[in-house]
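*Asks:* Here is the input, now give the coordinates:
(chains A and B)
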Amino acid sequence: MSGVEGGPNYSVEVEGLRVQFGDFIAVKDISFNVNAGEIFGFLGANGAGKTTTIRVLCGLLEPNLGDVRVMGLNPKQGLDAIKSRVGYMSQRFTLYDDLTVDENLSFAASLRKLTREKFSRRKKDLLEFIGFERPLNTLVKNLPGGLKQQVSLCAATLHDPDIVFLDEPTAGVTPTYRARFWSLIRSMAASGKTVFVTTHYMDEAEQCDRIALMRDGSLIALDSPGGLKRSTFPEPIYEISSSREKLDEFWFESIKKRPEILKIQPHGLRYHAQLSKGVVEGQLRELVSSGCVVRVIPPSLEDVFIRLVEGGLP
Amino acid sequence: MNTLVGFIKKEFAQILRDYRMRALLFVAPLIQLTLFSVAISNEVKNIRLAVIASPQDEIANLVTRKAAASGWFIMVEQDNAVEPFELVRSGRAEAVLVAPPGGFTEAYVRDSRPVQLLVDSTNVLRGQQVDNYVQAIFRAAVKERFPVLGPQAGVPIEFDVRILYNPEMITSVFMVPGVMSLILCLLTIVLTSMAITREKEMGTFETLVAAPVSTTEIILGKTVPYIVLGTLDSVLILTFAILVFGVPQKGPLIILIFSMFVFICATVAIGTFISTISKTQQQAMLGGFLFLFPAIQFSGLMFPIENMPIYMRFFSAINPLSYFIVLQRNIMLKGGDASIILKNLAALVAIGVVMIAISFTRFKKKLS
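*Replies:* Residues are numbered from 1 along each chain as shown, chains lettered A, B, ... in the order given. Down below sits the predicted model:
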């Protein structure tokens, strides 16, 4: 993490951003900064205001209130300046299904008014970067979904933007292609580009440098994945499991009532428990029968997400 | 790399890749032109006529003979006992000429009795023409029977009628230019509006506006390809109409093609406007047809504009089709009159400019 307030090390600066559609406030006065060169994860349920925020940052939507700077540029000074520094891969198709890979890329190049030389150089580099090995005259509709997304990424970054906004780039893509896409994201960030990405996959969120969490248009948390876990779950989480005994509903209901237990939740066949203040691990061991295995586990990002977004703040 | 050139390449690739689209663009118009022009005719033929008179009535016999010889009529074998009204009601005859009790000749000589003609006017347009034809035949028969005599020996003034510009009154000569404009209108409006809404529907519109391109570039990019295609299509249809249907092309060809181009610009502008008020391709398609149907009715293609009440002519005044049909018929059949050409071209330009201006502002408002 780096940067002085307003300094050049922020790719995105948002201060009190509000977006309103009629009476509905989609984004409620949020503020955050994105560091240059980081992978910034933007999480939240559908309708939390993620896409709206991204559309503002890409220069597609004018904010009602607040101050936004993307690569130091203010939208009020002209959206085109921002658009030329930004790459945007939207939730829906960025490519034309009925055009070939080559035709799609060359149309993207003409939208960005690239010179012929720059286009052929970037095309070569990017196709090498994603390891594209099919003929360039393949129709996009004949590509597998995961490969389509990679070609989309090429089209969105053809003009060599400093920051790329990826709105759910891996939705509906096989795990192999997801992993491949994220390795591309990491190498892009390593080459100095800022990557601003939304996702619903927690394993992807883990790979972000920092995560912002949105709920109902508000930003409710912003930290690194580790930091989020520590701040959301300051107390250790114990996993209780047993191979010999059946930890059934009756067991669950009875242990739930114990004053030593602050919170307990089933996770598959196991249980995750948090202890009340002052209670130590030994007391928990005494509480459960000897056949049970008790161990401290790190909270998963999913736990964090559930607690913050769906369960409300503790 | 130029944005507009990129757009044109992309639209052409998208349209021309699909063989169905190619057929729709270049084969369907020719088939339509053939079907419409051959089938649609204003001439009234095969009129089923019955003449009820005594077999000795000379005028009645002349009418029958003349009618049968003209080729427009089919004589209905009638039984004098049949009620004339029943003949029309049952549909056996469309027109029944009924002799007065003493016969036609008697009535003519005495100059007294009105002659009864029953006409089936369930189809008003046809009924009017049937009426005219039968009366004409009847007058001709009377004139033949009484060449000089009598108070009603034909019309006192003889007309020397010369039918100009379409002397044989061939319907296709009159219809083909109209049908051409109709097909062009259909192609450009529907294609343009659907091409823009498809981008919205697929989500690719986001990609367009995420790039630093101006509203003008997007509008030009989405319209110029269709103007080019429409103009190519119009030349194709024109060639076909001249070669196959023998439609005369008397005026300067370059002016005709230029007016086709201006017309296509206007209709593409309307297509663009329709796309700004529709969210999906279905809506765009429906919007196109909602515009087209009244546009055809008020174009003067089939029903003369002069027959419409004054306040309804407003719709013709804002209808690009009505100007283009005048332009086309004037240039192709009459050879083109400078003032008519200029007036109608100016109207088309005005319609196009207004539609594009509205689309432009609506586009701009939507994007921001």
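*Asks:* residue ranges for the strands of chain A, please.
*Replies:* With DSSP state E as the criterion, chain A has strands at A:10-21, A:24-35, A:39-44, A:65-70, A:86-89, A:163-167, A:194-198, A:210-215, A:218-223, A:237-242, A:261-267, A:270-275, A:292-297.
*Asks:* would you put the C-alpha positions of the first one in PDB?
*Replies:* This points to strand A:10-21. Output of strand A:10-21 as PDB, limited to C-alpha atoms (Å, rounded to 0.1, in the frame of the first residue of the first chain):
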ATOM      1  CA  TYR A  10      -3.600   6.300  -6.900                       C
ATOM      2  CA  SER A  11      -5.200   5.000 -10.000                       C
ATOM      3  CA  VAL A  12      -8.700   5.700  -8.700                       C
ATOM      4  CA  GLU A  13      -9.800   8.200  -6.200                       C
ATOM      5  CA  VAL A  14     -13.400   8.300  -5.100                       C
ATOM      6  CA  GLU A  15     -14.800  10.800  -2.600                       C
ATOM      7  CA  GLY A  16     -18.400  10.900  -1.600                       C
ATOM      8  CA  LEU A  17     -19.700   9.300  -4.800                       C
ATOM      9  CA  ARG A  18     -23.400   9.200  -5.200                       C
ATOM     10  CA  VAL A  19     -25.400   7.900  -8.200                       C
ATOM     11  CA  GLN A  20     -29.100   8.200  -8.200                       C
ATOM     12  CA  PHE A  21     -31.700   6.900 -10.700                       C
END
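*Asks:* And A:Leu114, how close does it get to B:Met1?
*Replies:* 6 Å (Cβ to Cβ, to the nearest Å). Yep, even glycine has a C-beta here, placed from its N, CA and C like the rest.
*Asks:* Spatially nearest residue to whatever residue of the stretch 51-200 of chain A ends up closest to chain B (excluding sequence neighbours)?
*Replies:* With Cβ to the nearest Cβ, the shortest gap between the stretch 51-200 of chain A and chain B falls at A:Ser110, namely 2.4 Å. Computed as Cβ to Cβ, 6 or more residues apart in numbering or on different chains, the closest residue to A:Ser110 that is not its neighbour in sequence is B:Gly6, at 2.4 Å.
*Asks:* Pull the number of nearby residues for B:Cys265.
*Replies:* 24 (other Cβ atoms under 10 Å in any protein chain shown).
*Asks:* where does B:Leu105 land in three-state SS?
*Replies:* One thing to correct before we go on: residue B:105 is Thr, not Leu. Following DSSP: H, G, I helix; E, B strand; the rest coil, B:Thr105 is assigned to helix.
*Asks:* In contact with the closest residue to A:Phe107 other than its chain neighbours, which residues?
*Replies:* In space, and not counting its chain neighbours, A:Phe107 is closest to B:Lys10: 4.5 Å by Cβ to Cβ, 6+ apart. B:Lys10 makes contacts with A:96, A:99, A:103, A:107, as judged by Cβ atoms under 8 Å, 6 or more residues apart in numbering or on different chains.
*Asks:* got it, and B:Ile255?
*Replies:* B:331, B:336, B:341.
*Asks:* Please, which helix or strand holds the second one?
*Replies:* What that stands for is B:Gly336. Per DSSP states H and E: B:Gly336 is located in neither a helix nor a strand.
*Asks:* For B:Ile341, see how far away the residue nearest to it when sequence neighbours are not counted is.
*Replies:* The shortest distance from B:Gly336 to any non-neighbouring residue, by Cβ to Cβ, 6+ apart, is to B:Gly251 (3.3 Å). Using Cβ to Cβ, we find B:Gly251 at a distance of 8 Å from B:Ile341.
*Asks:* Now do the shared contacts for those two.
*Replies:* B:330-331.
*Asks:* Leaving out chain neighbours, which residue sits closest to the residue nearest to the spatial centre of chain A?
*Replies:* Residue closest to the mean C-alpha point of chain A, counted by Cα atoms, centre = their mean, is A:Gly41 at 3.1 Å. Once flanking residues are discounted, A:Gly41 sits nearest to A:Cys208: 3.3 Å by Cβ to Cβ, 6+ apart.
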